[in-house]
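J.: Just need the structure, nothing else, for what follows:
(one chain, ligands or ions: 1)
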Amino acid sequence: MDKIIIKGGNKLSGTIKVSGSKNSSLPILFATLLTDDECKIKNVPVLADIKTTVDFLNFIGKKTTRKANIVNCEKSSKLNHIAPYDLVRKMRASVLVMGPLIARLGKVNVSLPGGCSIGARPIDIHLDAFKKMGAKIELKEGYINVTIDGRLKGADIEFRFASVGATENVLLASVLAKGTTRIINAAKEPEIQDLADVLIKMGAKISGAGTKIITVEGVEKLHGFTHNVIADRIEAATYMIAALMTKGEIILTGVIPEHLQIVIDKLIEAGSDIKINNDTIIVKWKKDLKPINIRTEIYPGFPTDIQAQWMALMCLVKGNSIVEETVFENRFLHVCELQRLGANLKIEGNLVYIQGVKELSGAPVMVSDLRAGAALVLAGLCAKGKTEISRIYHLDRGYEALEKKFRKLGANIKRIKG
Ligand code: UD1
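T.: You can find the predicted model right below:
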């Protein structure tokens, strides 16, 4: 298995372009199943999860190819309604195949995704919504069979939690349903808005995306589209934190700063120098940062996907701070690994108490999940000596050209094939 080796201590400086959003690209790729027409998606990051989704679409019957950052889907004719375990287990977002296939075929047979390292991650909110729209759901031999007589029916669906995946799945299903669907307590993440923009380009009638209530008037048919995926706000935040941890200065281009408002506010509160100019953010370390607490929340709150990186930052800030995780029940797997690098951290329930240390020192560490991996890279970049990071396939799921981008900024980082 490949490893990343970092020799810490280099100040980062320079300019990089932020990649397209992984979490936007995935639902948009699944949206192509809603039409037989050709579709073109640009600014798609080159990542393992994108490859998995492209393979998935081909398996379902949508002939799809990726060339650099562009994904093309050809005209399709017959779609397959079975999503086997081998495809679903690689990526939880595979459950997004459900919405489009129930809407198109009236049936879908998806392997249950199971839990993952950051929590149980059930899909009850997705399934309850499909039931409200008239679908019959059966669990059998590790598969969820969803069927509907005729067409899905529009309904008022109130989520008990503003789940990102469930909002996307119900949007994908309701655009072809009969009548009006209202998603109440919908997720408001920018990736939802991006998906809705695509669906509207396809001919869907959607209002309120990006707010708590989304209304969809079902239509009979959708057509092809061309779309440019929005910038990855999580990648951008990771590089902003890297600049500050290494006491450097970096320029990020191709960003949508308002998607990062809470992170920018927190970084400024901590004492960093941040300048915004249209789609460019300049982050500069100017003095020792102050310890700042964060609490993860649904958008526009502090993203759970930046919690681990924030913790890495606070590990080196003099004083005490607290990180509170409210979205996932087990998202502190990076704590033990950061401790191996010398961090002073204590977990109590969904809180981590951080006492800043003067320096971290390199050690072998292991990645447990994508964002935990990002936190370890950040810590390694400023740790004294060598940090050897294993199980980096998690990082390859979410960070395009990670070593190349960090090397461009002056980091001593390389990948060893294994
Ligand atoms: C998406 C993002 C992920 C991000 C998360 C929260 C993608 C591909 N992934 O994941 O990076 O961390 O949003 O911002 O976009 N839940 C239930 N029942 C359900 C659905 C969710 O209990 O039916 C729970 C989950 O277990 C979790 C919480 O709700 O604790 C958040 O999940 P959700 O918003 O659905 O996240 P994902 O769509 O899986």
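
J.: residues from the stretch 201-350 of the chain in reach of the ligand?
T.: Residues of the stretch 201-350 of the chain lying close to the ligand by Cβ under 6 Å from any ligand atom are 304-305, 327-328. (Glycine included, C-beta is placed from N, CA and C.)

J.: Now tabulate those in TSV and tack on neighbour count and secondary structure.
T.: Output for those, formatted as TSV (neighbours: other Cβ atoms under 10 Å; DSSP: H, G, I helix; E, B strand; the rest coil):
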residue	neighbour count	secondary structure
T304	18	helix
D305	23	helix
V327	21	coil
F328	19	coil
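
J.: can you count the residues close to R340?
T.: R340 is flanked by 18 other residues according to other Cβ atoms under 10 Å.

J.: quick one, what contacts it?
T.: Neighbouring residues of R340 by Cβ atoms under 8 Å, 6 or more residues apart in numbering: 363-365.

J.: who are the neighbours in contact with I298?
T.: Shown in contact with I298 (Cβ under 8 Å, 6+ apart): 162, 187-189, 327.

J.: next one: N10
T.: The contact partners of N10, taken as Cβ under 8 Å, 6+ apart, are 246, 381, 410-412.

J.: beta partners of S13?
T.: For S13, the beta-bridge partners are E249 (DSSP bridges).

J.: Next up, the contacts around it.
T.: With contact taken as Cβ under 8 Å, 6+ apart, S13 is in contact with 248-250, 409-410.

J.: Could you dump the residues you listed into a markdown table and include neighbour count and pLDDT?
T.: Shown next, in a markdown table, are those (neighbours: other Cβ atoms under 10 Å; pLDDT from 0 to 100):
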| residue | neighbour count | pLDDT |
| --- | --- | --- |
| G248 | 21 | 97 |
| E249 | 18 | 98 |
| I250 | 23 | 98 |
| L409 | 23 | 98 |
| G410 | 16 | 98 |
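
J.: And these, which two are furthest apart?
T.: Across the contacts of S13, the longest distance by Cβ to Cβ is 10.7 Å; it joins E249 and G410.

J.: OK, contacts around the closest residue to the ligand within the stretch 151-300 of the chain?
T.: In the stretch 151-300 of the chain, the residue that lies nearest the ligand is G165 (2.8 Å; Cβ to the nearest ligand atom). Neighbouring residues of G165 by Cβ under 8 Å, 6+ apart: 92-93, 95-96, 123, 126.

J.: Narrow those to just the buried residues.
T.: Neighbour counting over the contacts of G165 (16 or more other Cβ atoms under 10 Å) leaves 92-93, 95-96, 123, 126 as the buried ones.

J.: which of the residues you listed are close to the ligand?
T.: Okay, of the buried ones among the contacts of G165 touching the ligand (Cβ under 6 Å from any ligand atom), that's 92-93, 123, 126.

J.: can you map out the helices along this structure?
T.: Assigned by DSSP state H, the chain shows helices spanning 22-31, 48-60, 85-88, 98-105, 124-132, 164-174, 190-201, 233-245, 261-270, 307-314, 334-340, 370-382, 393-396, 402-408.

J.: Look up how far F30 lies from the nearest residue to G106 once chain neighbours are set aside.
T.: Leaving aside its chain neighbours, G106 sits nearest to I148 (4.9 Å; criterion: Cβ to Cβ, 6 or more residues apart in numbering). Remark: distance between I148 and F30 (Cβ to Cβ, to the nearest Å) = 18 Å.

J.: try V164
T.: Noted for V164: a distance of 13 Å to F30, by Cβ to Cβ.

J.: Settle it for me: which of the two has more neighbours?
T.: Neighbour count, other Cβ under 10 Å: between V164 and F30, F30 has more, with 27 against 19.

J.: Thought T53 was touching that one, still the case?
T.: Yes: between F30 and T53 there is a contact under Cβ atoms under 8 Å: 7.3 Å.

J.: Buried residues, the worst-scoring helix or strand of the chain on mean pLDDT. List them.
T.: Using mean pLDDT, DSSP states H and E, helix 85-88 stands out as the lowest-scoring helix or strand of the chain, at a mean of 86. Neighbour-count burial for helix 85-88, counted by 16+ other Cβ under 10 Å, picks out 87-88.

J.: For stretch 140-149, measure first residue to last.
T.: This stretch, stretch 140-149, spans 19 Å end to end (Cα to Cα, to the nearest Å).
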